[in-house]
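**Student:** Got a predicted structure here, sequence first:
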Amino acid sequence: MILPIVTQRWFTAQAQDTKALGAWLGYKAQPGDIFTCCGVLGAGKTTFVQGFADGLGVGTEEYVRSPTFTLLQEYHGRLPLYHFDLYRLSDISEVYDLGFIDYLDAAGVVVVEWADKFPALFTDPHLEVNIRVISPDSRCVLCTAYSVSYVRYFL
C-alpha cells in the first residue's frame, strides 16, 4: 500500500480557474508522471485535463475532450499525454485490455479520469487530483502526492 506524502488544497471560482490549475500542473509534468482524477460526474475532471494539456503544449487544434466512449485519447505536445476515462468500465481486466500498463512505462504523462473505480491500479507513485463541487461554479481541488517525487507540484 502506498501512503500519501502531502496534500495541497486549491479553490477555483469558475471553470477557467480549474483549467488554469491544470495548465500549471501540466507545465511542471515530467515523463512517466501519473495523475489520477476523481470527482462526481460534472465536477470538472475533463476541464482540469484540458488545462493540463495546455500546460503540456498540446496545440489548440487538438480539442481535448473526455474519452468516455473511446476510453483513451492520445495528445502530443511537449510530452505525449495519455488520457484515460474509466467511467464505462466495470472490471479491472478491461483496463488491462486497453494496454494500460504499457502506457505507464511510456515516455509520456498518464492522466486517468474515474481512477477511484479501480484503486488497485495505482500502487505506484502518482498525484491524485480530487475535485469536489462546492457550488455550480466553484470547486475544491485536493491534490495528494503519493511519492516525494510529486512534491515538486506544490512548490
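**Tutor:** Right, received. Where do you want to start?
**Student:** longest helix in the chain, by residue count?
**Tutor:** Longest among the helix segments of the chain by residue count, using DSSP state H, is helix 15-28.
**Student:** Centre of the chain to that helix, how far?
**Tutor:** 11 Å (Cα atoms, centre = their mean, to the nearest Å).
**Student:** next one: stretch 111-122
**Tutor:** That offset, for stretch 111-122, works out to 10 Å (Cα atoms, centre = their mean).
**Student:** Give me the contact list for it.
**Tutor:** Defining contact as Cβ atoms under 8 Å, 6 or more residues apart in numbering, one finds that stretch 111-122 is touched by 2, 34-38, 45-46, 49, 52, 66-67, 81-87, 89, 92, 95, 100, 128, 146. In this view, the C-beta of every residue, glycine as well, is placed from N, C-alpha and C.
**Student:** Which of those residues fall in helices?
**Tutor:** Per DSSP H, the subset of the contacts of stretch 111-122 in helices is Lys45, Thr46, Val49, Phe52, Ile92, Val95, Phe100.
**Student:** And the furthest pair within those residues?
**Tutor:** Using Cβ to Cβ, the two most remote members of the ones in helices among the contacts of stretch 111-122 are Phe52 and Ile92, lying 24.5 Å apart.
**Student:** quick revisit: so among the ones in helices among the contacts of stretch 111-122, which ones count as buried?
**Tutor:** Among the ones in helices among the contacts of stretch 111-122, those classed as buried by 16 or more other Cβ atoms under 10 Å are Lys45, Thr46, Val49, Phe52, Val95, Phe100.
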